[in-house]
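# model this:
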Amino acid sequence: MTSAGADRTRATGLLLNVAHALDHLFLLIFAAAVAAVAADFGVARWEDLMPYGAGAFVLFGLGSLPAGRLGDLWGRRPMMLLFFFGAGAAALLVACVQGPWQLALALTLLGAFCSIYHPVGIPMLVQHARRPGLTIGVNGLAGNLGVALSALATGFLVKYAGWRAAFAVPALVAIACGFAFARMAREEGAPARRAARTADVPEVSFARVFAVMTLASVTGNLLFNVMTNGNAELLRERFVGLVEDPALLGALLASVYALGSLAQLVVGNLIDRVPLKVLYAGIVAVQAPLFALAATARGWALYVLMIAFMVSIFGAIPFTDAMIVRYVSDSHRSRVSGVRLTVALGVSALAVWLLGPAVKAAGFRVLLLGMAGVAIATLAAVLFLPGRGARRLSLDVPPEARPAAR
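This is a model prediction of the structure:
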């Protein structure tokens, strides 16, 4: 590869990581700004407005299936261009709405465009990676820095420019990235037209891995979506009398997510070296006790526990993508990822819809205890992963890039 070609590849990888950050940022702006939006629309309680954002997460899940199919059959480059320009335009539309139902429709459209990234962008990023675990870890770090930025940027923009600017500013960034991606990303053939190479995994083992991957993805996404959508209000409630400035609360929450994001970089590096089942089970095993302790904690004790449980949630994210890289041919990865995400995000979208009413009816204590139960279910699913003897890599990874079997 020439120097110019290598530069374009690096630039494309950078833009794919930025896209991951934007994807998560777009989905969480509303949760971080919901109190300001409710006040602007004359809605008495933020909990009553929260269900209007559920459509974004429903389409974020359901849209993954057609997005993954189109990524394999049509091509990943054009789908990523659709992500950049479509999500940017939808976020600008959200910034212009005048009431709750307009908001719901615009957020749903935003969720549909955001559904493109995970089944398309991640397979595009790892298709030539020599160390897929590390590549996934860096990509996860970028995505969760987007989560952190959503809290930080939204808090400051809401305070100094209003909640509409919190949607408009990242929308313009996404559109600018779309133009850069169109210039840098090389044209590639549709993955489905390439010769598929099957990984050396028995059929029963692949079925087992896919079932575990889907079940763990459902529970893991429940934890991620419920907590990232609820943490802002949880901090606001548990810090009454200590910190009440929205910009400072946003900065505190951004710090939680930034620290949690580093876990993905560490885990991604370890995935290439440590048996998957051992590493995955060890991370999810600590989640339930942390949630149980957080259920009654307040003030700075809650803040420390929030850092700990978000580190464990973020640290568990790379595993499903790592399993797809190891067990699925590149010609089918977008579709397999799309199926997995449709199921997982569809279920977690229901949880986001119920978040406001559930907190209003039972409070955050019951919600956190419920999350402890979900964490136990995640651990139970992970324990059914094949052991060391079944550990294999997809044959799409070059032999020299494969770590030694464990």
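# Poorly predicted segments of the stretch 301-406 of the chain, please.
326-335, 340-341, 343-354, 356, 386-406 (pLDDT under 70).
# Please repeat the previous calculation with a cut-off of 80.
The model of the stretch 301-406 of the chain has pLDDT under 80 over residues 318, 320-362, 385-406.
# can you pull out the helices in it?
Using DSSP state H, counting those that start in this stretch, the helices of the stretch 301-406 of the chain run over residues 318-327, 333-382.
# what helices or strands is the shortest one leaning on?
Counting contacts by 3 or more CB pairs under 8 Å, 6 or more residues apart in numbering; DSSP states H and E, helix 318-327 is packed against helix 117-126, helix 132-160, helix 203-238, helix 246-271, helix 276-284, helix 333-382. Where C-beta positions appear, they are placed from N, C-alpha and C, glycine not excepted.
# Tell me which of those sits nearest to Leu82.
Nearest of those to Leu82, taken as CB to CB: helix 117-126 at 9.1 Å.
# Tell me, what's the model's pLDDT at Leu109?
If you check Leu109, the pLDDT there is 95.
# Distance of it relative to Asn269?
37 Å (CB to CB, to the nearest Å).
# Mean neighbour count and distance to Gly55 added to the helices and strands packed on helix 318-327, as TSV?
Formatted as TSV, these follow (neighbours: other CB atoms under 10 Å; distance: least, CB to CB, whole Å):
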stretch	mean neighbour count	distance to Gly55
helix 117-126	27	18
helix 132-160	24	18
helix 203-238	20	13
helix 246-271	21	24
helix 276-284	20	29
helix 333-382	20	8
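# host element of Gln98?
Here Gln98 sits in a region with no helix or strand, counting by DSSP states H and E.
# Surely Val336 and Ile324 touch.
Yes: using CB atoms under 8 Å, Val336 is in contact with Ile324, at 6.0 Å.
# distance between the helix or strand of the chain with the lowest mean pLDDT and the chain's centre?
The weakest-scoring helix or strand in the chain, judged by mean pLDDT, DSSP states H and E, is helix 318-327 (a mean of 73). Distance of helix 318-327 from the chain centroid (CA atoms, centre = their mean, to the nearest Å) equals 15 Å.
# Taking helix 246-271 as reference, get the angle to that helix.
30 degrees (axes from the mean of the first three to the mean of the last three CA atoms, to 10 degrees).
# Output helix 318-327 as PDB - backbone C-alpha positions only.
What follows is helix 318-327 as a C-alpha-only set of coordinates in PDB (Å, rounded to 0.1, in the frame of the first residue of the first chain):
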ATOM      1  CA  PRO A 318     -16.600  -5.200  23.200                       C
ATOM      2  CA  PHE A 319     -17.300  -8.900  23.700                       C
ATOM      3  CA  THR A 320     -20.300  -9.400  21.300                       C
ATOM      4  CA  ASP A 321     -18.400  -7.600  18.500                       C
ATOM      5  CA  ALA A 322     -15.300  -9.700  19.300                       C
ATOM      6  CA  MET A 323     -17.400 -12.900  18.900                       C
ATOM      7  CA  ILE A 324     -18.700 -11.800  15.600                       C
ATOM      8  CA  VAL A 325     -15.200 -11.100  14.300                       C
ATOM      9  CA  ARG A 326     -14.000 -14.500  15.500                       C
ATOM     10  CA  TYR A 327     -16.900 -16.700  14.400                       C
END
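# which residues sit in contact with the nearest residue to Ala148 once chain neighbours are set aside?
Of all residues not flanking Ala148 in the chain, Tyr257 sits nearest, at 3.4 Å (CB to CB, 6 or more residues apart in numbering). Residues near Tyr257 by CB atoms under 8 Å, 6 or more residues apart in numbering: 144-145, 147-148, 151, 228, 310, 314.
# How much space separates Phe84 from Gly55?
Using CB to CB, Phe84 is found at 21 Å from Gly55.
# who's more crowded, these two?
Higher neighbour count among Phe84 and Gly55: Phe84, with 26 against 22, using other CB atoms under 10 Å.
# number of nearby residues for the closest residue to the more buried one other than its chain neighbours?
Among residues not flanking Phe84 along the chain, Gly178 sits closest, at 3.0 Å (CB to CB, 6+ apart). Residues within reach of Gly178, counting by other CB under 10 Å, total 22.
# With Glu47 instead?
Neighbours of Glu47 (other CB under 10 Å): 18.
# mind listing what's buried in the host helix or strand of it?
Element membership of Glu47 [criterion: DSSP H and E] is helix 46-49. Across helix 46-49, burial judged by 16 or more other CB atoms under 10 Å covers 46-47, 49.
# State the distance from the closest residue to Gly133 other than its chain neighbours to Val209.
Nearest residue to Gly133, sequence neighbours excluded (CB to CB, 6+ apart): Ile271, at 3.3 Å. Going from Ile271 to Val209 by CB to CB gives 15 Å.
# What of Arg77?
According to CB to CB, Arg77 stands 29 Å off from Val209.
# Phe113 too?
Per CB to CB, Phe113 is found 30 Å from Val209.
# Leu223 - nearest residue in space that isn't next to it in sequence?
Spatial nearest neighbour of Leu223, chain neighbours left out: Ile313 (5.2 Å); criterion: CB to CB, 6+ apart.
# my read: the one you found touches Gly260, true?
Yes: checked against CB under 8 Å, the pair Ile313 and Gly260 is within contact range at 6.9 Å.
# now the helices and strands packed on helix 318-327 as TSV including distance to Ala301?
Listed next are the helices and strands packed on helix 318-327 as TSV, based on distance: least, CB to CB, whole Å:
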stretch	distance to Ala301
helix 117-126	34
helix 132-160	20
helix 203-238	9
helix 246-271	14
helix 276-284	22
helix 333-382	13
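# Out of the ones you listed, the one nearest Gly68 is which?
Of the helices and strands packed on helix 318-327, the one closest to Gly68 (CB to CB) turns out to be helix 333-382, at 2.3 Å.
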